[in-house]
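Visitor: Just a sequence and a predicted model for now, questions to come.
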Amino acid sequence: MPELRIEATVNGRAIARNARPHQRLLDFLRDDLNLTGTKEGCGAGECGTCSVFVDGVLMKSCLMPVGKAQGVRIETVEGLARSGELTVMQKAFHKTGASQCGYCIPGMVMAATAAIRANPFVSHEEIKERLGGNICRCTGYQKIFEAVELARDVLNGRAPATALAEENRRTAASSAPTCAASMRPARCRARSSMRATWCCRACCTWWRCARRIRMPASCRSIRARPKRRRASRA
Amino acid sequence: MLHCDEYFTPASLEQAFDAIERNPGRHRIVAGATDTLPWAREGRAGDVDIPVLIDISRIPELNERSVDDRRVRIGAATPIQRFLDDATLRAALPCMPRCAVWFADDQIRELATIGGNIVNASPAADGTPPLIAHEAVVELAARRDGTTVRRRVPLDQFVLGPGKTALSPGELVVAIEGDALPGYGGSFEKVGHRRSLVISLVCLAALVKLDASGRRCDDVRLAIGGIGPVPRRLNDVEAFLRAMPLSAERLEEAADMPVDVVQSRTRQAYRREVVRGFLMRGLINAVARAGGDVAALSPRLEAAYA
């Protein structure tokens, strides 16, 4: 099997590994580095749940041959906060209940983070535009936009940090860990070679884990669609 | 799924030609690869076996850009996002930022290249109509008998049909050169099923330069895509608009002119309606951005189309 040597920085850590030349960056991150927070939804660049930062620029890892990762700096959803912690954006998603099945959330958090990095005072319309490449089949987007606006206001000082505090119904993160990728309640510890963290059932990589699930049915429909008719081919 | 044995990223044109010569008939050139990967999937091309992928996006010459008063030269591997970020390009190519906003989404614009958009030769390509309006010329390079041979082809003669271009085997698009048009008002109109990530049903690029009075067009350029096998200029409408000062009636007359332009396989009646609306809206937006007073032209028009 021909191999391709990839030397890159992933979440601040230098890696040097052999990859197969036909792999996408997404496969490399998930299968070889066990960074399963980055999800595959449609696999055709339409749903955005595979978004990662490449040299600080948000890109879709399902559209990127792994050869393009040579020498770059990659940041995935696992690398946004330190292990066991959440960024303001992730806390805001948790607070507003923006995550339902959680499958699109890694991409949403990444796109929202990119929007805030580009403009700390990003407007509602601009948020919509920036998240235009990400699809969610559960929430209807309203709570996602609320989360991004909440995080924006906390980060730029318009709202106090206490705005992110959970109501007492949900106790502190230490007793009920949250998956840093999907913002769903965590079930088990991820056995990632890159990072030990709590993960939800969709992010779990341990093959014997009884709680591990595959992609939810609602998202599967994005992927397995009938033979595509190119309607606009004139 | 895509299978390949080698993914080669040449650092220069010479290395790229070496790789092409080593693998005749068993390679494919990619730049952003944002069309190749979705193409090699179930439902479209299915399992595809390409022994060697040659990624030309890191060749320095393909990433250069230079702008002078007359011409803009952009490397073929320039990502679409640069048309939004780069102030020099924005000023010289008034249509392109508006086209780039409509192009895929934030993430894909950073990867997808303008050269790739042209070479794919989709009838609905978003990048081609604005560049045709800028009278773009495509610069090609190939290695013939050991020496690098370059030639230049006007873009409207380069795109021959759906997926067909004037590219000969082993040839690469190196750069695209177009007219620098600072001071022009530009607009790009597009319609599809949704805002992001949509293939154009119709897209129209309009460029207008007004004279000192603000009522007469020094120059008008219109190009349209999605309506037939290849994008095209609307030369007769341009000549009609240049001939006399602008007025609401003349704009409406101009919008009614291109009746035979729609030659698509589907939804012809709908596309004709859209072309008419887009010509009005594109021209009104371009005139407004060129400094013209659209409200004075006709308040009714501005309310209806802007």
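Guide: Perfect, thanks for sending it.
Visitor: Backbone dihedrals for residue B:158, both of them.
Guide: Dihedral angles phi and psi of residue B:158 (degrees, to the nearest 10) take the values phi -80, psi -40.
Visitor: Does the nearest residue to residue A:17 once chain neighbours are set aside belong to a helix, a strand or coil?
Guide: Spatial nearest neighbour of residue A:17, chain neighbours left out: residue A:6 (5.6 Å); criterion: C-beta to C-beta, 6 or more residues apart in numbering or on different chains. All C-beta spots, glycine's among them, are computed from the backbone N, C-alpha and C. Under DSSP: H, G, I helix; E, B strand; the rest coil, residue A:6 falls in the strand class.
Visitor: Next up, the contacts around residue B:54.
Guide: B:8, B:10, B:16, B:19, B:20, B:23, B:27, B:28, B:29, B:30 (C-beta atoms under 8 Å, 6 or more residues apart in numbering or on different chains).
Visitor: Residue ranges of each domain in the chain, please.
Guide: I went with chain A, as the question did not name one. In the domain annotation for chain A, the residue ranges read A:7-80, A:88-199 (automatic domain parsing).
Visitor: not what I meant, chain B
Guide: B:2-55, B:60-179, B:185-305.
Visitor: need these in TSV with distance to residue A:156 and mean pLDDT, can you?
Guide: Below are the domains of chain B laid out as TSV (distance: least, C-beta to C-beta, whole Å; pLDDT from 0 to 100):
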stretch	distance to residue A:156	mean pLDDT
domain B:2-55	33	94
domain B:60-179	20	96
domain B:185-305	25	90
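Visitor: Output those in JSON lines, with distance to residue A:48 appended to each entry.
Guide: Converted to JSON lines, the domains of chain B look like this (distance: least, C-beta to C-beta, whole Å):
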{"stretch": "domain B:2-55", "distance to residue A:48": "13"}
{"stretch": "domain B:60-179", "distance to residue A:48": "6"}
{"stretch": "domain B:185-305", "distance to residue A:48": "9"}
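Visitor: Would you mind measuring from residue B:20 to residue B:165?
Guide: Taking C-beta to C-beta, to the nearest Å as the measure, residue B:20 falls 17 Å from residue B:165.
Visitor: lowest average confidence, helix or strand, in chain A?
Guide: Lowest on mean pLDDT, DSSP states H and E among the helices and strands of chain A sits helix A:217-223, with a mean of 56.
Visitor: Burial check on the residue in the stretch 201-306 of chain B positioned nearest to chain A, number of neighbours?
Guide: Going by C-beta to the nearest C-beta, chain A is nearest to residue B:264 of the stretch 201-306 of chain B, at 3.6 Å. Residue B:264: 21 surrounding residues under other C-beta atoms under 10 Å in any protein chain shown.
Visitor: again with the one 10 residues further on
Guide: As a burial measure, residue B:274 scores 21 neighbours (other C-beta under 10 Å).
Visitor: residue contacts, the residue of the stretch 201-306 of chain B closest to chain A?
Guide: Contacts of residue B:264 (C-beta under 8 Å, 6+ apart): A:234, B:123, B:226, B:227, B:228, B:271.
Visitor: from what I can see residue A:164 touches residue A:95, true?
Guide: Yes - between residue A:164 and residue A:95 there is a contact under C-beta atoms under 8 Å: 5.4 Å.
Visitor: the more surrounded of these two?
Guide: residue A:95 (21 against 18).
Visitor: Surely that one touches residue A:161?
Guide: No - in this structure residue A:95 lies outside contact range of residue A:161 using C-beta under 8 Å: 11.4 Å.
Visitor: Stretch A:99-108 near chain B at all?
Guide: No - using C-beta under 8 Å from any C-beta of the partner chain, stretch A:99-108 never reaches chain B; the gap is at least 8.9 Å.
Visitor: Three-state assignment for the residue lying closest to residue B:259 once chain neighbours are set aside, please.
Guide: Counting by C-beta to C-beta, 6+ apart, residue B:259 lies nearest to residue B:272, which is 7.2 Å off, once chain neighbours are set aside. Using three-state DSSP, the structure places residue B:272 in helix.
Visitor: Residue B:262 is in contact with residue B:272, correct?
Guide: Yes - assessed by C-beta under 8 Å, residue B:272 is found in contact with residue B:262 at 5.1 Å.
Visitor: Looking at these two, which one has more neighbours?
Guide: More neighbours surround residue B:262 than the other of residue B:272 and residue B:262, with 21 against 18 (other C-beta under 10 Å).
Visitor: one step back: tell me, what's touching residue A:164 and residue A:95 both at once?
Guide: residue A:150.
Visitor: residue contacts, residue B:134?
Guide: By C-beta under 8 Å, 6+ apart, the neighbours of residue B:134 are B:72, B:93, B:95, B:178, B:179, B:181, B:207, B:221.
Visitor: now stretch B:189-203: how far from the chain's centre is it?
Guide: Chain-centre distance of stretch B:189-203: 14 Å, with C-alpha atoms, centre = their mean, to the nearest Å.
Visitor: pLDDT weak spots in chain A?
Guide: Within chain A, the stretches with pLDDT under 70 are A:1, A:168-176, A:189-198, A:201-202, A:204-234.
Visitor: Run a quick neighbour tally on residue 188.
Guide: Since no chain was named, I'll use chain A. 19.
Visitor: Sorry, I should have been clearer: chain B.
Guide: Residue B:188 has 28 nearby residues by other C-beta under 10 Å.
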